[in-house]
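S.K.: What follows is a predicted protein model with its sequence.
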Amino acid sequence: MTFEEVFGTAPEGVWLAPGRANVIGEHTDYNDGYVLPIALPHRALASVARRTDGMLAVASVQQPGAVVELPMAELRPGNPAGWAGYVAGVAEQFDLPGGLSVLVDGNVPSGAGLSSSASVTCSVALALRDLLRPDLTPTDLVDVARRSENDFVGAPTGILDQSASLLCEAGHALFLDTRDRSTRQVPLDLAAAGLALLVVDTGHTHSHADGGYGDRRRECEQAAAALGVPALRDATPGSVETIADDVLRRRARHIVTDNARVLQVVELLTGGGDPRAIGPVLTAGHVSLRDDFEISTPELDAVVDTALAAGAHGARMVGGGFGGSAIVLVETGDLEAVTAAVQPAGGSYRTFVAVPSTGAHRVA
């Protein structure tokens, strides 16, 4: 399927935005905390052209035959529903009286906790920036893409996914302070150290628009209110233990400790030491997500436990939780054995090595 085949004309350009794997710092972004993602080589491509008939038309190579078409004037949260809503949520933020045609082609696994939705919204946002609003900054585009997910689709994400997709650089992890939006590129060349970051996609999909993610966000807000602080970024380990409600106490404990883990990993990676030292920090993050935040699954727990037993330096679930993927820090020489070990009977899990890649850009 090509743009010309679907729409009968050539696109004005093609834009790419990657998915992401988060090294450490899960659910900390909407708590004004720290995150450390990398961009993946997996990406969404958006071929885009403006129209003159006032219509939005969206097609996907992964959804052959399903062209979604409706007047720009009728765009509103929930209309269109489904996958096309991510594109529509970006388009309705721009002045497009003539309409827009978009063909999306992507290979970021959907529901795997690797930000397939953010790769789509960011590729379209970058296209419309280049075509219509060259004054918009990368930070502006992060907000455009986030609003599409938050306000149009109804997925209560923070800014981690969109920031990673738009701001990451090849060979680096992105250290982002989500409160002041400051960033630093942290060199991450695991291959030079004889290491690999293995991604294990369990195939058990999740959606940010489902209830569990929103529940955790509300619980974090309630915990912050109980402590009288603006966000859990401002909580301390000691103050967290004073929260009377056990559930809220554990949710807050995860955020506080995962913020500390991000800072620890950044220090380890920039201090000239052995990057193998981040392995136990990753594993501690998984234990916190499993026990305090309660968003892991039996499948993800089994991947982590099996990988560690097979000799991995560290492992944890990644993404919003309730399904998706795990990352595993492993010696390159042990990669084949660990990959085989984490597969369930029948070998149904998709696996690949996460290579820190470049962020969103125009490709044609």
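M.R.: Right, received. Where do you want to start? These numbers come from a predicted model, not from an experiment. Numbering: from 1, shown residues only.

S.K.: host element of Val200?
M.R.: strand 195-201 (DSSP states H and E).

S.K.: For that strand, give the mean pLDDT please.
M.R.: Confidence for strand 195-201, expressed as mean pLDDT, is 97.

S.K.: what's next to it, contact-wise?
M.R.: Under the criterion C-beta atoms under 8 Å, 6 or more residues apart in numbering, residues 21, 23, 38, 40, 109, 112, 114, 190, 275-276, 303, 307, 312-313, 318, 324-332, 335, 338-339, 342, 349-354 lie in contact with strand 195-201. In short, each C-beta sits where N, CA and C put it, glycine included.

S.K.: partners of that strand, with directions?
M.R.: When pairs are called by DSSP bridges, strand 195-201 turns out to pair with strand 325-331 (antiparallel), strand 350-353 (antiparallel).

S.K.: starting at the chain centroid, how far to that strand?
M.R.: Here strand 195-201 is found 16 Å from its chain centre; the criterion is C-alpha atoms, centre = their mean, to the nearest Å.

S.K.: Export it to CSV, keeping only CA atoms.
M.R.: Provided in CSV are the C-alpha atoms of strand 195-201 (Å, rounded to 0.1, in the frame of the first residue of the first chain):
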residue,chain,number,x,y,z
LEU,A,195,26.6,-5.8,26.6
ALA,A,196,23.2,-5.8,25.0
LEU,A,197,19.8,-4.5,26.1
LEU,A,198,17.3,-7.3,25.1
VAL,A,199,13.6,-6.4,24.7
VAL,A,200,11.2,-9.2,25.3
ASP,A,201,7.7,-8.5,24.1
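
S.K.: The strands paired with strand 195-201 into JSON lines, with extra columns for mean pLDDT, mean neighbour count and distance to Gly194?
M.R.: Listed next are those as JSON lines, based on pLDDT from 0 to 100; neighbours: other C-beta atoms under 10 Å; distance: least, C-beta to C-beta, whole Å:
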{"stretch": "strand 325-331", "mean pLDDT": "97", "mean neighbour count": "27", "distance to Gly194": "6"}
{"stretch": "strand 350-353", "mean pLDDT": "95", "mean neighbour count": "16", "distance to Gly194": "13"}
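
S.K.: Quick check: which of these is nearest to Val120?
M.R.: strand 325-331 (18.0 Å; C-beta to C-beta).

S.K.: Mind checking what helix or strand follows the closest one in sequence?
M.R.: Strand 325-331 is succeeded, C-terminally, by helix 335-342 (DSSP H and E).

S.K.: Name the residues of that following helix that come out as buried.
M.R.: For helix 335-342, a neighbour-count test (16 or more other C-beta atoms under 10 Å) marks Leu335, Val338, Thr339, Ala341, Val342 as buried.

S.K.: So which residues make contact with that helix?
M.R.: In contact with helix 335-342 (C-beta under 8 Å, 6+ apart) are residues 196, 198, 200, 303, 306-307, 309-312, 326, 328, 330, 349, 351, 353.

S.K.: go with 10 Å
M.R.: Here helix 335-342 makes contact (C-beta atoms under 10 Å, 6 or more residues apart in numbering) with 195-196, 198, 200, 202, 302-312, 315, 326, 328-331, 334, 347, 349, 351-353.

S.K.: Show the buried residues in those.
M.R.: Buried subset of the contacts of helix 335-342 (neighbour count, 16+ other C-beta under 10 Å): 195-196, 198, 200, 202, 303-304, 306-308, 310, 312, 315, 326, 328-331, 334, 349, 351-353.

S.K.: residue contacts, Thr270?
M.R.: Neighbours of Thr270 in contact, by C-beta under 10 Å, 6+ apart: Phe175, Arg184, Val186, Pro187.

S.K.: which residue sits closest to the last one in space, ignoring its chain neighbours?
M.R.: By that I understand Pro187. Closest residue to Pro187 apart from its sequence neighbours, by C-beta to C-beta, 6 or more residues apart in numbering: His172 at 5.7 Å.

S.K.: Give the full set of residues in contact with that neighbour.
M.R.: 38-39, 184-189, 269, 356-359.

S.K.: which one of the residues you listed is nearest Gln162?
M.R.: Gln162 lies nearest to Gly359 out of the contacts of His172, by C-beta to C-beta, at 10.5 Å.

S.K.: returning to what we had before: want to throw the buried residues of helix 335-342 into TSV with pLDDT?
M.R.: Output for the buried residues of helix 335-342, formatted as TSV (pLDDT from 0 to 100):
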residue	pLDDT
Leu335	98
Val338	98
Thr339	97
Ala341	97
Val342	97
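
S.K.: Make JSON lines from the residues you listed and add distance to Glu294 to it.
M.R.: Shown next, in JSON lines, are those (distance: C-beta to C-beta, whole Å):
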{"residue": "Leu335", "distance to Glu294": "31"}
{"residue": "Val338", "distance to Glu294": "26"}
{"residue": "Thr339", "distance to Glu294": "28"}
{"residue": "Ala341", "distance to Glu294": "26"}
{"residue": "Val342", "distance to Glu294": "22"}
